[in-house]
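Q: Model the following, please.
(2 chains)
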2 protein chains.
Amino acid sequence: MSLKSELITIASQAQEAFRVSQDLSPDVKNRILTEMSVALIQQKSLIIKANAVDLKKARSMSLSPAFVDRLTLNDNRIGEMAESLSQIAQLPDPVGEVISGWRRPNGLWIEKVRVPIGVIAIIYESRPNVTSDCAGLCFKSGNSVILRGGKESLNSNIAIYEILKAVLKKFKIHPGMVNLIATDDHKAVNELLQLNDYIDLVIPRGGEGLIRKVTESSRIPVIKHYKGICHVYVDKDARIPMAEEVCFNAKVQRPGTCNAMECMLVHKNIAKKFLPHMLERFRKAGVQIRGSSDVKKIFKDVILAEEKDYYTEYLDLILSVKVVDDLESAINHINSYGTHHSDSIITEHHETALRFLRFVDSACVYVNASTRFTDGYQFGLGAEIGISTDKLHARGPMALQELTTYKYIVFGNGQIRT
Amino acid sequence: MSLKSELITIASQAQEAFRVSQDLSPDVKNRILTEMSVALIQQKSLIIKANAVDLKKARSMSLSPAFVDRLTLNDNRIGEMAESLSQIAQLPDPVGEVISGWRRPNGLWIEKVRVPIGVIAIIYESRPNVTSDCAGLCFKSGNSVILRGGKESLNSNIAIYEILKAVLKKFKIHPGMVNLIATDDHKAVNELLQLNDYIDLVIPRGGEGLIRKVTESSRIPVIKHYKGICHVYVDKDARIPMAEEVCFNAKVQRPGTCNAMECMLVHKNIAKKFLPHMLERFRKAGVQIRGSSDVKKIFKDVILAEEKDYYTEYLDLILSVKVVDDLESAINHINSYGTHHSDSIITEHHETALRFLRFVDSACVYVNASTRFTDGYQFGLGAEIGISTDKLHARGPMALQELTTYKYIVFGNGQIRT
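A: Predicted structure coming up:
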């Protein structure tokens, strides 16, 4: 069978599974998720064995230690995967929620009801835990899912997938609800992205290159989980100790995440007071500073920033710093160089805060708090599939609700249009 | 200036206009819309003069009478355009609505707030009224808009656009809020669709060819207003007089619309009782019937349907008719051949109705009512930009609310993540 027809077979089974599974009760779904969680723990030796094959290959290819670390599964990480499925089971079911409802003068009774989207393809890179996390989130929200992980984690993904599949089988669920593309043919992603007759949504999760590739070649709608160039703007009316704590947290607490600060903007009136102590603290924490010339005037240990630095998601202990003339310049900088992810202002001035909230065009806009809170759990939404940097359909933390759409159901008693 | 740089100039002005216009008050927006409405009436002679140029050209090119009709503007139609703007002014403002809000245990106060999407491009065909309708809807919802109409209506569109622009100028609104691509270079659409750095959303409005072309070449997210292959399924437990009235209305009342019935499905147990009188009534109304062989057995005056008929949006007095074995076959037919637009069941059986509502994967699913109600006004949502057949972001009637997205605003007092 050709790659294309193999993928069509999988995608059409996923579509069929979605269509016949619209009456799965929340209770049954949750029992299945709980049992999947238990099965991962019980059969963890199978996963670790498969993971060892992937790890051996990765080492023989001299992949980076960071890469190997992301790929590695152990008791602890499998425990986290199981815990995640068990938490998804405990979250409220989004399907069937009546979002709104009303009656029309002619007696028609209209309800806008939350329903699953359909068939969702997830394209991801090396972390094998994405396999069970995304399978769990899509299953709970009533969608069927087609998983396509990185070829480096293929054996680990297959092992996890087989365990989940066995639980579906035990409960007599259509097997097409959870699918894994288990070929290492690199053309598979591109072929998959052409199947807009079967697949309703693609979510790529990974580095910039992957997102770009998927967006450019997909005929299916894509929700991008793109990079996070997040800013903290320290206003002239900032309380300096608070500004320092928040900026330090936003940069240093976990620099490799998409909601970490990559650029700190400082109002010119407060720069001389704020920057010396702040930058000294960053220096001690090993943060490299790339600053504009005004910053260098204030603090010596600064590399002069180039234009491209402001467009860069470092994901590392590196920070761009810029002195700005006023609030408008800060907002312009953020809207021009940022990625519409998460941005924060530190200020005690009410009008300034409200103007920042209104004019910064980002998924999450903060006043006096660290950008590091942009996260499904931190927002209280529960497990998330990621942080959408798109504006359409889902923006910011993308949790169960964001994996649904709606339909209108209309009850009549013979109404016709005149 | 090259076409590409001309379009980039327009798109970047639209983006700038959007960014600086986030504090337009509902009151000012409504005054502007009302004044635009008045201006269209006052200056209608200019519009009619420009329209005459388009009409002359269309006739000289022997375009079809239906096409010329869609292109034609007269006092009455300009009155409707003005009325539409005035109605948009009276609708509630969607921007700024707090969709939900909550406090986190650490004191963070999170609000999910409705905001405009950004820069929206509308690509449409011959009807010049789309120019003012879409400009009004996008302006009210806080978006800047780039309009690209059919080249056949270029002079009419320019005349309408100039009138709207003059009102924006009078109120000192950034002119980039409403833009028209006024070149007849056919490459403009394709170039526009590459500008994903400036444009947030594309909405194509027109025939199948246009939608397909836009979807296939756009790098910007597209919401499709695709064709409507709508079904009415007459269940074995239908009340026959109601079934007859609803089916007749759904087909005949205005066959050229996307929410008209294109295919009638009839349960085998009721076919012999229901079809003869129903089809005789259709015949008298000039409706051509394309039916399966079981239909032809019951009613002579039927053309045998081919597979492709079930995939066809006739937009005319033509109807596919099929006898089905049971509810499941009806649902399968609708999900496989339909376009997920609007579908109705006629039944007195409660469980059957609920199963239909749940399993039919369409934007609007009806029980005992005509599909013709799928419409922003009929739903009580007010003026609409169209009916989305997509599942993401907007589904079904797409009114002001569907032209918005949301952002999270988060108020803290120094919270950092531990």
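
Q: For chain A, give the strand that spans the most residues.
A: Longest strand of chain A, by residue count under DSSP state E: strand A:404-415.

Q: Next, the buried residues of that one.
A: By neighbour count with 16 or more other CB atoms under 10 Å in any protein chain shown, strand A:404-415 contains the buried residues A:404-412, A:414-415. Where you see a C-beta, it was placed from the backbone N, CA and C, and this is true even at glycine.

Q: tell me the contacts of A:Leu190?
A: For residue A:190 the amino acid is Asn, not Leu. Residues counted as contacts of A:Asn190 (CB atoms under 8 Å, 6 or more residues apart in numbering or on different chains) are A:Ser217.

Q: what separates it from A:Cys263, distance-wise?
A: A:Asn190 sits 34 Å away from A:Cys263, going by CB to CB, to the nearest Å.

Q: In contact with whichever residue of the stretch 251-400 of chain A sits closest to chain B: list those residues for me.
A: The nearest approach of the stretch 251-400 of chain A to chain B comes at A:Ala369, 2.8 Å away (CB to the nearest CB). If you count contacts by CB under 8 Å, 6+ apart, A:Ala369 has them with A:246, A:344, B:108, B:410-416.

Q: low pLDDT regions in the stretch 1-150 of chain A?
A: By pLDDT under 70, the stretch 1-150 of chain A has no low-scoring segment.

Q: now the helices: where do they sit in it?
A: A:3-20, A:26-42, A:44-60, A:65-71, A:75-90, A:129-140 (DSSP state H, counting those that start in this stretch).

Q: ditto for the stretch 151-300 of chain A
A: Using DSSP H, counting those that start in this stretch, the helices found in the stretch 151-300 of chain A span residues A:154-170, A:188-192, A:208-217, A:240-252, A:268-284, A:293-298.

Q: returning to what we had before: which of the helices of the stretch 1-150 of chain A sits most buried?
A: helix A:129-140 (a mean of 25; mean count of other CB atoms under 10 Å in any protein chain shown).

Q: Ranked by average pLDDT, which of the helices of the stretch 151-300 of chain A falls at the bottom?
A: Across the helices of the stretch 151-300 of chain A, helix A:208-217 has the smallest mean pLDDT, namely a mean of 90.

Q: what lines up beside the longest strand of chain A in the sheet?
A: Each strand paired with strand A:404-415, and its direction, by DSSP bridges: strand A:109-116 (antiparallel), strand B:364-369 (parallel).

Q: Could you single out the most deeply buried of these?
A: Using mean count of other CB under 10 Å, strand B:364-369 ranks as the most buried of the strands paired with strand A:404-415, with a mean of 26.

Q: tell me the mean pLDDT for it?
A: Averaged over strand B:364-369, pLDDT sits at 98.

Q: just how off-centre is that strand within its chain?
A: The chain centroid and the centroid of strand B:364-369 are separated by 19 Å, computed with CA atoms, centre = their mean, to the nearest Å.

Q: Measure how it sits relative to helix B:240-252, angle-wise.
A: 130 degrees (axes from the mean of the first three to the mean of the last three CA atoms, to 10 degrees).

Q: Just to check, A:Arg148 is in contact with A:Tyr124?
A: Yes: using CB atoms under 8 Å, A:Arg148 is in contact with A:Tyr124, at 7.3 Å.
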